[in-house]
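J.: Sequence and predicted structure are below.
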Amino acid sequence: MTPAPEPRSSSPANPFAALTGVEIKMTVRGDQEIKAVRLFHLDGDRAEKRSIYFYDAKKLTLFDNGLILRARQLKDGADDSTVKMRPVDPAKVAHEWTTEDGFKLEADVIGPKIVRTASLGHPRKRGEIKDVAAGQRKIPELFSKKQETFIETFVPIRVALDDLHVLGPIEALRWQFHDPALKSDITAEEWHIPDGTDLLELSIKVDPKDALKARDEFEKFLRDKGISNEGVQEAKTRVALKFFASRL
């Protein structure tokens, strides 16, 4: 399920209405990754280190229907699991979800594409994610009852958590830094895929009311730095899932 791009210009229907946040993203082209790493001083020793797992069927049935199931192990932080659905219509999201702890109603902006998402995160105890990857626990144990209700509510297909596969881990490095040319802090996240592929994504988080202007400013900022957004912008999650699914 590939959401259609929405127009870059503003329209009477506000694409960011009712959202709590907007993340503007750009995947750095492979031929510019080293340049970006040097430009922004992305030193691995100063990065936050993560191991990321996804859970899906061999044919990526969940991902193709808009559902992402993810768990993250942080070297020096709290582990968590997340269920995320995209796209969603915020006007159709029941109010009680918006008051649920860990629930987010946001948008991902990649070039001209605006994808509204709903997600629900839940903390996990240290070791649980690793135990599932090792086959010592079952995948459903990583997701709370409320997360299962989220899946039943938002996903148009039946999801049997017991039938899914572990896809991962992806070893990731994450940095956050500020540049005086932008109002928002910049996040850089680099994923290392076991086949040797590195995926570097740059992003900023902004208030929904400032999203369109912030997107243009971010793109100009990167162009001025010599980082181009020309070419196909394939989301890093899709690239990673396709790799791990091909090995099942």
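T.: That came through fine. Numbering: from 1, shown residues only.

J.: From here on, just use CA atoms for contacts and neighbour counts.
T.: Noted.

J.: so the closest residue to residue 79 other than its chain neighbours, which of the three states?
T.: Spatial nearest neighbour of residue 79, chain neighbours left out: residue 73 (4.8 Å); criterion: CA to CA, 6 or more residues apart in numbering. Per DSSP: H, G, I helix; E, B strand; the rest coil, the local secondary structure of residue 73 is strand.

J.: What helices and strands are in contact with the longest helix along the chain?
T.: Counting by DSSP state H, the longest helix found in the chain is helix 211-224. Judged by 3 or more CA pairs under 8 Å, 6 or more residues apart in numbering; DSSP states H and E, the packing partners of helix 211-224 are strand 21-27.

J.: Now the element after the strand it packs on, going C-ward?
T.: Going down the chain from strand 21-27, the next helix or strand is helix 33-39, by DSSP states H and E.

J.: got the buried residues for that following helix?
T.: Buried residues in helix 33-39, counted by 16 or more other CA atoms under 10 Å: 33, 36.

J.: From the chain's centroid, how far away is that helix?
T.: 22 Å (CA atoms, centre = their mean, to the nearest Å).

J.: what do you get for stretch 116-133?
T.: With CA atoms, centre = their mean, you get 14 Å for stretch 116-133.

J.: what mean pLDDT does that stretch have?
T.: Mean per-residue pLDDT for stretch 116-133: 97.

J.: Check which residues of it are buried.
T.: Using 16+ other CA under 10 Å as the test for burial, stretch 116-133 gives 116-124, 128-130, 132-133.

J.: how about that stretch as PDB, C-alpha atoms only?
T.: The C-alpha coordinates for stretch 116-133 follow below in PDB (Å, rounded to 0.1, in the frame of the first residue of the first chain):
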ATOM      1  CA  ARG A 116      -0.400  10.500   8.300                       C
ATOM      2  CA  THR A 117       0.300   7.800  10.800                       C
ATOM      3  CA  ALA A 118      -1.000   6.500  14.100                       C
ATOM      4  CA  SER A 119       1.200   4.600  16.500                       C
ATOM      5  CA  LEU A 120       1.200   3.200  20.000                       C
ATOM      6  CA  GLY A 121       4.400   2.500  21.900                       C
ATOM      7  CA  HIS A 122       5.000   0.400  25.000                       C
ATOM      8  CA  PRO A 123       8.100   0.000  27.200                       C
ATOM      9  CA  ARG A 124       9.600  -3.500  27.400                       C
ATOM     10  CA  LYS A 125      11.800  -5.100  30.000                       C
ATOM     11  CA  ARG A 126      15.500  -5.500  29.300                       C
ATOM     12  CA  GLY A 127      16.200  -8.800  27.600                       C
ATOM     13  CA  GLU A 128      12.600  -9.500  26.300                       C
ATOM     14  CA  ILE A 129      13.400  -8.400  22.700                       C
ATOM     15  CA  LYS A 130      16.600 -10.400  22.700                       C
ATOM     16  CA  ASP A 131      14.800 -13.500  24.000                       C
ATOM     17  CA  VAL A 132      12.200 -13.300  21.200                       C
ATOM     18  CA  ALA A 133      15.000 -13.100  18.600                       C
END
